[in-house]
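Novice: Provide a 3D model corresponding to the input given below.
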Amino acid sequence: MKEMNKQFENNIARKNIEIYKILSDKNKNKDYYDLSSLGPNDKVIAVNFVSMGNNNIGHYYSIFKNQDLFVRLEEILYNDFPQFKEHETYFEVKGKRIKRFKTLEQNLIKNNDIISIFIIEE
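Specialist: Next up is the predicted model:
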């Protein structure tokens, strides 16, 4: 049973990578994150960014690994939405502030979580 479960999890991880590659091939910008280096303990996590304030994103969906530092997500977000580089920002998930130099797993970010982006007004 344990072996079947492990095979099932590996199949899911491979399918998630295939889906990601298909989605990123459709995008004109080829700067998107590469999940081909998925390790045996890595899990694919999809997150949804939503901005709060004047620079509305609406919903920005992306895929990462659970062991990625949050600052990596932030870097990719800022590449796609450069207007946020002009502001001091912070992020929250489920009402808790996210620590930039911790992994998604350490920040307790789960698959399909909504991450809110806040601009600090001066």
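Novice: distance from the helix ranked longest in the chain to the middle of the chain?
Specialist: The residue-count maximum for a helix in the chain (DSSP state H) belongs to helix 2-26. Relative to its chain's centre, helix 2-26 lies at 16 Å (C-alpha atoms, centre = their mean, to the nearest Å).
Novice: which pLDDT value belongs to Ser116?
Specialist: Predicted confidence (pLDDT) for Ser116: 91.
Novice: report all helices and strands that the longest helix of the chain contacts.
Specialist: Applying 3 or more C-beta pairs under 8 Å, 6 or more residues apart in numbering; DSSP states H and E, one finds that helix 2-26 contacts strand 44-52. Placement of C-beta: from N, CA and C, glycine included.
Novice: ok, then the element right after the strand it packs on?
Specialist: strand 60-65 (DSSP states H and E).
Novice: partner strands of that next one and their direction?
Specialist: strand 44-52 (antiparallel) (DSSP bridges).
Novice: can you get me a residue count around Phe101?
Specialist: 9 (other C-beta atoms under 10 Å).
Novice: contact partners for it?
Specialist: Leu69, Phe70, Val71 (C-beta atoms under 8 Å, 6 or more residues apart in numbering).
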